[in-house]
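Enquirer: this one's structure only:
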């Protein structure tokens, strides 16, 4: 027997000791992704892609239920189009990849690889919209975006190309667009909290942090196990900032011409990064059952003499689980020991394992092993599906609770600027503080502590009286934090 | 009331009179696609994308059932990697888009936008494969490919970026790879014939026409209504042509190192082009029920006084159809007349329409209108679902039969080269002829008639004795045709 594949070798650092190295090892060894030949780019392996499919399928269903449809846009955007909304262009141009040649020929105007598709989409939407009857237009695109990363890259969290969805909608009124922004943030929250089991704080971005070209940006901010924040999803109200330069106009029931109101919104595979950083442990990944490609792995444990019997039972159990709608997989490979398999499936974060051996068959029982607590429980074979469902539900719930406790533990309320600074230099997390709304204070805090305003929560209850930096009256309650 | 949206205006040319203009009008006016700002690129509108989703969902399910998994690869491939297999590189390089800049900076080595991903995928597969236990590796990618088109472009059929899937597999033996090639061609045939209702001829490509870098290419060739052939899907046996330069090696059970055997295969949104060209008529698109985003459109026909009653019944009927798993849509817009709606849904090719008016409600009946034959039939309301299912099945079948009759009508068996030439200059189609296997004859025929060898059918029965060009003994039965 030759040496086992590399990814089967366990994680060699502790999450609490070297978080960054731990993260990289989990990504590579659990078989989620690999590095591509061009720096800053990654390849998604099937196991990682299957998690993305879970995320995509849920969102796609919810988007369709709320009246959105999918479309396709080319990856190439002419420079003249990208530069049509000034702030937007200034925001993206430093990181744009440019196509300048086709075959051996120089092309005329250079073409940008989409960093995001507002400009391209809206130049075309303008052709499709002429009357109030054409509104609302609500289109989503599943594609990848490209932004040349100059900062250090990190699989899923910061890569030069990333999978995402970008939604773009056009409405007759500002209010309808406002509603749309919140409907989408609600769908994102459901995905992130109920499926990925990651609690998030919802609210507004500051003007400095909002999407370039938006009136305002709403966001869901998560907290990672190392005390750094992660922006999980954003939904923007674009006002008429794009409809004016792109001339998206409609004739209303009043027979007059109006500029339309717009939104755009997106989440990316960054959510997979969040899932890893929040739930993983020293053994590797832990995937919340609702998005796990494999929810239950069945491992037959046998000697040569009882191999056929035990494998037969393992196959039966797997089939029974699958028929009940549980994503189960039997690992009956002969080339690996049971111990090796246990380690591999723990590293891959499968939430529930069923061990089945000759003794279990005798007693007509099954042994369950939870991935989150690593607790073992014996049950009657007859209760297989019921127990599996209960355990999966319990794991989903307990992962969320654990993550919520972690988030809560990272919340601080510094009463002075020195305290805020000390917290950021120390364990990090979210510092709740008052802010006077002046960008100057925001910039100074960022410069001196490395912390941004991550979010101004929708719930502004308990706003301190003074700005944590300048001492002037506070206008907003803000969460400060260092972020990915 | 302002003027109706442009796409509602009917097709203004006949399919038989100006096929090319007819095609473009159907694509644009049925709301399938639109032109993008860069020449040669198109945008998919929701209705067009929904057809692609039907195709994708079927293939994705069949790929997974046969042990394939999805992954993701970046769109950028370094030049050094693309050029690693010489024939392959020579084949693609004239049409490659090149990225040479990121932001304001020139990048070092220029990066190709994927024309296809063999080289990138295999440079990475080589890292994942070391033992026979890692085989077979069967991965599919849903993405887009980019090839700068110099020839005239045509939506879906020839565009500089196109949606497709590309599958890549690695096997321990040549035989396994051979089987894989045929398994995939079988899946493609099922999609094309059973779902898209387009008959296709399966067989091998000639060496001149095969995929650059393959040992051999299998293909499914369809015949369009203008007598031109369309390559619908291809599945390639790559032999060890890539595994050698990319060093995809595995240690076998014999403990020795071997180069692996590979396949690759793909279909693109070109299939939507085929569907349009084969089934459409002077009224517009006709979509086969199995892939139609809307299978039944329900149109309430009413005066003001009975509007509520009729709309209520239309909604009920739609719900009943949806609950039975039929994709039904009610068009209860007040801003359009029934006649306008009939035209629009005919143009969009919805296979079945239900008209419902006050008189139908009185008689407790419904009126069905088939899109293919435009035949009207009355039925009891109680039989709604049963009749709808039967009609949809009948339409699916009759579209296939009509297409098969068309294909058969385009088959000719020229006994002389002059006859072949005359056929190609005339109505086109497939000319069945003997071929001596010399590339010289193939090239001459192409030069003089514009016809390629589209396919050497798997079924070689009835091979003529002589090469249609040189008169030497024939080695192959080949179908010649002009093609898209």
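Expert: Received it, and whenever you're ready, just let me know what you need. Because the structure is predicted, anything quoted here is derived from the model rather than measured.
Enquirer: tell me where the longest helix sits in chain A.
Expert: Scanning chain A for the helix with the most residues, using DSSP state H, yields helix A:384-409.
Enquirer: give me the distance from that helix to the chain's centre.
Expert: 19 Å (C-alpha atoms, centre = their mean, to the nearest Å).
Enquirer: mind pulling up the pLDDT for residue A:6?
Expert: With respect to pLDDT, residue A:6 scores 44.
Enquirer: in stretch A:17-24, what counts as buried?
Expert: Buried residues in stretch A:17-24, counted by 16 or more other C-beta atoms under 10 Å in any protein chain shown: A:19, A:22-24. C-beta here means a position set from N, CA and C on the backbone, and glycine is covered the same way.
Enquirer: go on, stretch A:60-68?
Expert: Using 16+ other C-beta under 10 Å as the test for burial, stretch A:60-68 gives A:60, A:62-63, A:68.
Enquirer: dump those residues into JSON lines; add secondary structure and pLDDT as well.
Expert: Converted to JSON lines, the buried residues of stretch A:60-68 look like this (DSSP: H, G, I helix; E, B strand; the rest coil; pLDDT from 0 to 100):
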{"residue": "A:60", "secondary structure": "helix", "pLDDT": "98"}
{"residue": "A:62", "secondary structure": "helix", "pLDDT": "98"}
{"residue": "A:63", "secondary structure": "helix", "pLDDT": "98"}
{"residue": "A:68", "secondary structure": "coil", "pLDDT": "98"}
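Enquirer: burial of residue A:15, as a residue count?
Expert: Residue A:15 has 19 neighbours, counted by other C-beta atoms under 10 Å in any protein chain shown.
Enquirer: got the contact list for it?
Expert: Contacts for residue A:15 (C-beta atoms under 8 Å, 6 or more residues apart in numbering or on different chains) come out as A:22, A:225, A:280-282.
Enquirer: what about it, which helix or strand?
Expert: Using DSSP states H and E, residue A:15 falls within no helix or strand.
Enquirer: and it, how far from residue A:388?
Expert: Using C-beta to C-beta, to the nearest Å, residue A:15 is found at 28 Å from residue A:388.
Enquirer: out of the buried residues of stretch A:17-24, which is nearest to chain B?
Expert: Nearest to chain B among those is residue A:24, at 15.6 Å by C-beta to the nearest C-beta.
Enquirer: per-residue confidence at the nearest residue in space to residue A:403 that is not next to it in sequence?
Expert: Leaving aside its sequence neighbours, residue A:403 sits nearest to residue A:278 (C-beta to C-beta, 6 or more residues apart in numbering or on different chains; 5.1 Å). What the model reports as pLDDT for residue A:278 is 98.
Enquirer: can you verify residue A:278 is assigned to a strand?
Expert: No. Secondary structure of residue A:278 (DSSP: H, G, I helix; E, B strand; the rest coil): helix, not part of a strand.
Enquirer: what's the local residue count around it?
Expert: The number of residues packed near residue A:278 is 24, by other C-beta under 10 Å.
Enquirer: again, but for residue A:381
Expert: 17.
Enquirer: residue A:130 now?
Expert: Residue A:130, neighbours per other C-beta under 10 Å, totals 17.
Enquirer: what's the distance between it and chain B?
Expert: For residue A:130, the distance to chain B equals 7 Å [C-beta to the nearest C-beta, to the nearest Å].
Enquirer: that residue against residue A:251, yeah?
Expert: Yes. Between residue A:130 and residue A:251 there is a contact under C-beta atoms under 8 Å: 6.5 Å.
Enquirer: got the domain ranges for chain A?
Expert: Listed domain ranges for chain A are A:6-279, A:291-394, A:411-481 (source: automatic domain parsing).
Enquirer: deepest-packed of those, please.
Expert: domain A:6-279 (a mean of 20; mean count of other C-beta atoms under 10 Å in any protein chain shown).
Enquirer: after the helix or strand bottoming out on mean pLDDT in chain A, next one along is what?
Expert: Lowest on mean pLDDT, DSSP states H and E among the helices and strands of chain A sits helix A:86-92, with a mean of 84. Next in sequence after helix A:86-92, counting helices and strands by DSSP H and E, comes strand A:97-102.
Enquirer: now pLDDT too, for the buried residues of stretch A:17-24, in JSON lines please.
Expert: Below are the buried residues of stretch A:17-24 laid out as JSON lines (pLDDT from 0 to 100):
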{"residue": "A:19", "pLDDT": "98"}
{"residue": "A:22", "pLDDT": "98"}
{"residue": "A:23", "pLDDT": "98"}
{"residue": "A:24", "pLDDT": "98"}
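Enquirer: which parts of the stretch 101-250 of chain A are helices?
Expert: A:118-128, A:174-189 (DSSP state H, counting those that start in this stretch).
Enquirer: to residue B:263, which of those helices lies closest?
Expert: For the helices of the stretch 101-250 of chain A, distance to residue B:263 was read as C-beta to C-beta. The smallest value, 35.4 Å, belongs to helix A:118-128.
Enquirer: quick one: is that closest one near chain B?
Expert: Yes. Contact of helix A:118-128 with chain B (C-beta under 8 Å from any C-beta of the partner chain) involves A:120, A:123-124, A:127-128.
Enquirer: nearest to residue B:91 among the residues you listed?
Expert: residue A:120 (29.9 Å).
Enquirer: quickly find the element holding the residue nearest to the closest one when sequence neighbours are not counted.
Expert: Spatial nearest neighbour of residue A:120, chain neighbours left out: residue A:77 (4.7 Å); criterion: C-beta to C-beta, 6+ apart. In the assignment (DSSP H and E), residue A:77 maps to strand A:76-78.
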